[in-house]
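In: I'll drop the sequence and a predicted model, then ask my questions.
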2 protein chains.
Amino acid sequence: MAQKAIQDYYHDEIAHCYGCGRLNREGMHIKSYWEGEEGVCHYRPDPRYTGGFPGYVYGGLIASLMDCHSAAIASAAKLHREGLSPDERPLSRFVSASLKVDFLKPTPIDTVLELRGRVKETGRRKVIVSIELSADGEIRARGEAVLVQLPEK
Amino acid sequence: MAQKAIQDYYHDEIAHCYGCGRLNREGMHIKSYWEGEEGVCHYRPDPRYTGGFPGYVYGGLIASLMDCHSAAIASAAKLHREGLSPDERPLSRFVSASLKVDFLKPTPIDTVLELRGRVKETGRRKVIVSIELSADGEIRARGEAVLVQLPEK
């Protein structure tokens, strides 16, 4: 059986995000998986997400990937630190307080993008996640997000 | 006659961006206008761009608005400094080298968002733009982008 993505464990009420909500029919359906100490996301952009220059993605797509992927990493890492899996306890939900993206090179659109991220710092409710985005074997962008855990309902 | 948006002056070859390209049929069609010393953008999000929580936009939308709007501001400001309008000389095209967004408060989806930005620093080919995004009279996010001018063809 295929491993479930982190976003597939989000509660239905918060699964509508255009970036990563499984219940958003028109959305991007970003999927993040936990591997060892990292969160990994593979994403093949739809041609509509072109940048100003044909053949490359628009900057907002990269920021969207970084944003949703970092929130998933923050959630999964918290459970992982406690030695639990999302089958054992619902994920805590994190939202971005800030996001910084460095666009290092143009990112091609007609390929699978790979994002690998990990937790850089953990506070009581705050997590800092850093992410690298590669395509065709080269790092194209780096991101750093500060995420804050929402209070449990 | 209505004022033309900055993006409507982009050359056809670079007018395909999902965020702001007038030739991208499925895109967001972000439009920026030059007013005095500022670039202004009004944008009513489509309901599909919801965040994890219904009623608010996803973070990637805010980053996309900041990214495309800052590039437009960099282009228009350069002409403005030279005392020219885009009817007199083609716009130079800028791309983001980095983007930082601070998400201060949730941003409602069912309203018109207003982005106001201005040039904070200018180098030979580099421009730093800072932007505030408001909705319903409150600042919801702040952005800062470093943009680099592309060589003219």
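Out: Yes, it's here.
In: what about residue A:36, distance to residue A:76?
Out: The gap separating residue A:36 from residue A:76 is 11 Å, by CB to CB, to the nearest Å. C-beta here means a position set from N, CA and C on the backbone, and glycine is covered the same way.
In: ok, now residue A:118?
Out: The gap separating residue A:118 from residue A:76 is 11 Å, by CB to CB.
In: quick check: neighbours shared by those two?
Out: residue A:39 (CB atoms under 8 Å, 6 or more residues apart in numbering or on different chains).
In: which one's more surrounded, those two?
Out: More crowded of residue A:118 and residue A:76, by other CB atoms under 10 Å in any protein chain shown: residue A:76, with 26 against 14.
In: is it fair to say that one lies in a helix?
Out: Yes. Under DSSP: H, G, I helix; E, B strand; the rest coil, residue A:76 sits within a helix.
In: tell me the contacts of it?
Out: Applying CB under 8 Å, 6+ apart, the residues near residue A:76 are A:6, A:32, A:34, A:39, A:86, A:91.
In: swap the cut-off to 6 Å and go again
Out: Contacts for residue A:76 (CB atoms under 6 Å, 6 or more residues apart in numbering or on different chains) come out as A:6, A:34.
In: kindly report the same for residue A:108.
Out: By CB under 6 Å, 6+ apart, the contact list for residue A:108 reads residue A:135.
In: run the last query once more with 8 Å
Out: Neighbouring residues of residue A:108 by CB under 8 Å, 6+ apart: A:55-57, A:135-136.
In: most neighbours out of the residues you listed, which is it?
Out: Scoring the contacts of residue A:108 on neighbours with other CB under 10 Å, the highest-scoring entry is residue A:57 at 29 neighbours.
In: and that residue, what are its bridge partners?
Out: residue A:50 (DSSP bridges).
In: okay, it: pLDDT?
Out: Per-residue pLDDT puts residue A:57 at 98.
In: equivalent analysis for the one 4 residues further on, please.
Out: What the model reports for residue A:61 is a pLDDT of 98.
In: thinking again about what came up before, closest one to chain B out of the contacts of residue A:108, please.
Out: Taking CB to the nearest CB as the measure, chain B lies nearest residue A:57 of the contacts of residue A:108, at 8.1 Å.
In: how about stretch A:136-143: buried residues?
Out: By neighbour count on 16 or more other CB atoms under 10 Å in any protein chain shown, the buried set for stretch A:136-143 is A:140-143.
In: wait, which of those residues is closest to residue A:18?
Out: Nearest to residue A:18, judged by CB to CB, of these is residue A:143 at 18.0 Å.
In: other SSEs contacting the host helix or strand of that closest one?
Out: If you go by DSSP states H and E, residue A:143 is part of strand A:138-149. Here strand A:138-149 touches helix A:59-81, strand A:94-103, strand A:113-122, strand A:126-135, going by 3 or more CB pairs under 8 Å, 6 or more residues apart in numbering or on different chains; DSSP states H and E.
In: in JSON lines, list these along with distance to residue A:27.
Out: As requested, those are arranged in JSON lines below (distance: least, CB to CB, whole Å):
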{"stretch": "helix A:59-81", "distance to residue A:27": "10"}
{"stretch": "strand A:94-103", "distance to residue A:27": "17"}
{"stretch": "strand A:113-122", "distance to residue A:27": "16"}
{"stretch": "strand A:126-135", "distance to residue A:27": "19"}
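In: kind regards, and thank you for your time.
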